[in-house]
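1. Build the 3D model from these lines:
(one chain, ligands or ions: 1)
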Amino acid sequence: MWINDILDQNKKILALSPMADMTDSAFCQIVRQIGGADVVFREMVSAEALVRDNEKTLGMTDFVDAERPIVQQIFGADPLTMAKAAEIVMEHAGPEGIDINMGCPVYKITSNFNGAALMKEAPLAAEIVREMKKVMGDTPLSVKIRLGWDDDEGFKTFIPVLEEAGVDLITIHGRTKAQGYSGVSNWDLIRQAKEIATVPLLANGDIHEPHQVWEALERTGADGVMIARGALGNPWFFEEALKLRHPKGQSKDLGGVQISLDKKIRVILEHAKLHVANSAKLKAQAKKNILLGVTAEELEKTSIVTFRKHLSWYFKSTKLGIEIPGIKEFRSELVRIQSIGELEEILKRLEEHVNKLV
Ligand SMILES: Cc1cc2nc3c(=O)[nH]c(=O)nc-3n(C[C@H](O)[C@H](O)[C@H](O)COP(=O)(O)O)c2cc1C
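-> Take a look at the predicted model:
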């Protein structure tokens, strides 16, 4: 079981957080290839859609062996549907674990009692865990929560309810649902959650720089951390964090270990190619007949569009680590790319531009 496999080595768990439209197979493969992360959590998928045989949703749970150990997150509010969805995912893809989203604050999700709304419905949340455990055998079931709905002490009663129902691991984001993404993740309250929890607990929220991993672990006493935005545009986050644990002559204040631009460009291009191949595959699965007659170029064009958001993360000034005069123009070209060829051409020009500066 993935949780004990890591903890038994006396290690803290470094996990990639689930992020809708971001932690797909392509990004998880890149994070894994670079190394440092112990486990990757894939973006949430709808239990209702899985049970309705939605091929695109099922396709979103596909992964390659190099991504293991992997945890698939699902969301839903009906205990039997959630159990059926867990069965479907396990049969179809066989991930190391399944995670329930009980933290999403978005109205579209919470209005149907999904996501963070389940923190207001403890008996229903417990029923979901119990029904899923019945079909999951030895596969660990984890839950991702917030501090509470609008009360930042909601976790104090919610965690024991989840544990009683049989959950194997809890991740807590140190904000309430009402806070959304405002304010800061309260690591002191996460410490209180860790003191209550009897199952392993991961700390989440505002661990944006690799060196903060060790600070967060010290402050919260958690069994590990889950990293979301820190890893966007920086799949080297986990590798950097490990290097900073025992810095060899490097100052902690660096906040990271500098990755050279050419190394970054190579990884970005590989990520883009994997992304396009993957989304083209998903599109083909979802619209078998409609795609007849669609050219490979047209398919690439629609697939690269969803890569643009990764590009804006890769080229944020906080992620680049170096000042590049004229980067604004490159950025605006990058967020309009239509093909891999165009991306290659812009990145080549960017590299030449930077080389001229040094
Ligand atoms: C683009 C994006 C998509 C997200 N999608 C999910 C999701 O599918 N499931 C989930 O539990 N949390 C989701 N989250 C929340 C993150 O996993 C994480 O809890 C939150 O961003 C706080 O962590 P951070 O400060 O490390 O970013 C998402 C966050 C972002 C920025």
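2. So which bits of the stretch 1-150 of the chain are right by the ligand?
-> With the criterion set to CB under 6 Å from any ligand atom, the stretch 1-150 of the chain comes near the ligand through 17-20, 22, 43-44, 73, 101, 103-104, 144. Placement of C-beta: from N, CA and C, glycine included.
3. at 8 Å instead, please
-> 17-23, 41, 43-44, 73, 75, 99, 101, 103-104, 115, 144 (CB under 8 Å from any ligand atom).
4. Write the PyMOL selection for whichever of those are buried.
-> In PyMOL syntax, the buried subset of those is picked out as below (16 or more other CB atoms under 10 Å):
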select buried, resi 17+18+19+22+23+41+43+44+73+75+99+101+103+104+115+144
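5. For stretch 203-222, what is the distance to the chain centroid?
-> 16 Å (CA atoms, centre = their mean, to the nearest Å).
6. contact partners of it?
-> 12, 14, 17, 144, 171-175, 184-188, 190-191, 194-195, 201-202, 224-230, 237-238, 240-241, 243-245, 252-257 (CB atoms under 8 Å, 6 or more residues apart in numbering).
7. List the ones among these that fall in helices.
-> Filtering these for membership in helices, criterion DSSP state H, returns 187-188, 190-191, 194-195, 237-238, 240-241, 243-245.
8. got the residues you listed as a markdown table, with pLDDT, neighbour count and distance to Ile6 columns?
-> Listed next are these as a markdown table, based on pLDDT from 0 to 100; neighbours: other CB atoms under 10 Å; distance: CB to CB, whole Å:
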| residue | pLDDT | neighbour count | distance to Ile6 |
| --- | --- | --- | --- |
| Trp187 | 98 | 21 | 21 |
| Asp188 | 98 | 9 | 25 |
| Ile190 | 98 | 27 | 19 |
| Arg191 | 98 | 17 | 21 |
| Lys194 | 98 | 19 | 17 |
| Glu195 | 98 | 11 | 21 |
| Phe237 | 97 | 27 | 17 |
| Phe238 | 98 | 26 | 13 |
| Glu240 | 95 | 23 | 19 |
| Ala241 | 97 | 25 | 15 |
| Lys243 | 94 | 17 | 19 |
| Leu244 | 93 | 22 | 19 |
| Arg245 | 86 | 12 | 15 |
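9. Of the residues you listed, which is the nearest to the ligand?
-> Phe237 (9.8 Å; CB to the nearest ligand atom).
10. I'd like to know how far the nearest residue to the closest one once chain neighbours are set aside sits from the ligand.
-> Distances taken as CB to CB, 6 or more residues apart in numbering put Ala231 closest to Phe237, at 4.5 Å, once the chain neighbours are dropped. As judged by CB to the nearest ligand atom, to the nearest Å, Ala231 and the ligand stand 8 Å apart.
11. So what's the residue count around Ala231?
-> Look at Ala231: counted by other CB atoms under 10 Å, it has 28 neighbours.
12. Please tell me I have it right and it contacts Glu239.
-> No. Shown here, Ala231 and Glu239 do not form a contact pair, counting by CB atoms under 8 Å, at 10.7 Å.
13. tell me the two of the ones in helices among the contacts of stretch 203-222 that are most distant?
-> Glu195 and Lys243 (30.3 Å; CB to CB).
14. do the helix or strand containing Asp262 and the ligand meet?
-> When secondary structure is defined by DSSP states H and E, Asp262 falls within helix 261-286. No. On the criterion CB under 8 Å from any ligand atom, helix 261-286 is out of touch with the ligand, staying 15.1 Å away.
15. Which ones among the residues of the stretch 1-150 of the chain next to the ligand lie within strands?
-> 41, 43-44, 73, 75, 99, 101, 144 (DSSP state E).
16. on that earlier part again, what's the average pLDDT for the helix or strand following the helix holding Asp262?
-> Next helix or strand after helix 261-286 toward the C-terminus (DSSP H and E): helix 296-305. Throughout helix 296-305, pLDDT has a mean value of 84.
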